[in-house]
Structure formats: structure tokens, C-alpha cells
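Colleague: when you get a sec, could you give me coordinates for this:
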Amino acid sequence: MFTMALKTEPDNETPNLKTICIALGIEQATLRHRGDKGIAWLSQLMDVLDVLDYPVPGYSPSTVLSELHVHVWDCAVDYRPLYLPIRTVVTLGNFSVSSNLIPETNTSYLRFLAQECTLFLSYLTGSKANVPVPQDDDKYPDISKDYVCVIDVGLFELS
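Modeller: This is a model prediction of the structure:
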């Protein structure tokens, strides 16, 4: 399930100040990522979020206070690189990212909170160097049979 809430409002007490609050929630979803050659999904996401300001004569833009809250419940990331014989599954019990950004200031806030998260690794036997690993996309990861838990996090907070 995917949930999004967006709130934008001008501040009546402070002129030229606008607040934008975005909250995203993702529950019981799995992202299966394959590392195709020459394509980085993170750089593509940054290109989407990159905003350019063009000056408009006679207009002074408002200062924008941006708040972003992303919450993930019971989700997983299944990463299968193209040229590495390693499979990775990251499970996220509860994961939250919160940020508060004010442009043209030296202050910002970024907080990561992870609870009940695990990292599982698996090695594919019989693979050869510089040869693409077979992409078994129709096969669901069997964590109890094929994977080894290397990190188990009860609570991790970074502010």
C-alpha cells in the first residue's frame, strides 16, 4: 500500500514564507532492483527531484520551508546485480526518514530511524567472471533456505 499526503500553506505571521509538508507511507512492498549496466537508479531519482530556479523579472519568490517524512513498514529490497554472483535482501520492519530544509540558511534536519531491519546475503555457485549472472526474476527469494543473515538491527537512529 502506498499513501501520500501533501500540505502547502503560506505563513500568515511571516510574510514571504511558505511551508510544504510531504508525508509518504509504504507498507508491505518489495523493491526488486537489478543493476543494469550504466544505469544508476539513485542518480535517476536525484534527476527527478532536482529543481532549477529561473528568475522572473519583478517577482521575489517566497522562502520555502520543506518537510519530508517517509515511513516504510514491513518492506524489503531484493537486489540482484548483473555481474556479481551475490544476492542481497534487506528487510525493513519500520524505517523512517524525516527532513526539514530551509534554503539559504545553514540549518537543516535529517533523521533516520530503523527498527527490526535485517540484511541477508546469498552467493550463487557456478558463476564465471565477466559473464552476466542469470537473472532468475521469476524466483522469489527463500530467505530461510538460500540466504544468510549478516546484520540484524533492533534499533538504529541517526540524527
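Colleague: and the top strand by length along the chain, which strands flank it?
Modeller: Criterion DSSP state E: the longest strand present in the chain is strand 63-81. Sheet pairing for strand 63-81, assigned by DSSP bridges, gives strand 17-27 (parallel), strand 30-35 (parallel), strand 86-101 (antiparallel).
Colleague: what residue in this protein is the furthest from its centre?
Modeller: The outermost residue of the chain, judged against the average C-alpha position, is Gly58 (38.1 Å), by C-alpha atoms, centre = their mean.
Colleague: mind checking pLDDT for that residue?
Modeller: What the model reports for Gly58 is a pLDDT of 87.
Colleague: now swap in Val131 and tell me
Modeller: On the pLDDT scale, Val131 is placed at 70.
Colleague: separation between it and Leu84?
Modeller: Noted for Val131: a distance of 11 Å to Leu84, by C-beta to C-beta, to the nearest Å. Every residue, glycine included, has its C-beta placed from N, CA and C.
Colleague: between these two, tell me which one has more neighbours.
Modeller: Leu84 (14 against 9; other C-beta atoms under 10 Å).
Colleague: quick one: that one is in a strand?
Modeller: No. Assigned with DSSP: H, G, I helix; E, B strand; the rest coil, Leu84 falls outside any strand and is coil.
Colleague: next up, the contacts around the residue nearest to it when sequence neighbours are not counted.
Modeller: Spatial nearest neighbour of Leu84, excluding adjacent residues (C-beta to C-beta, 6 or more residues apart in numbering): Val133 at 6.8 Å. For Val133, the contact set (C-beta atoms under 8 Å, 6 or more residues apart in numbering) comprises Arg80, Pro81, Leu82, Tyr83, Leu84, Pro85, Leu124, Ser127.
Colleague: is it correct that the fourth one is in contact with Pro132?
Modeller: Yes. Look at Tyr83 against Pro132 with C-beta atoms under 8 Å: they come within range, at 6.2 Å.
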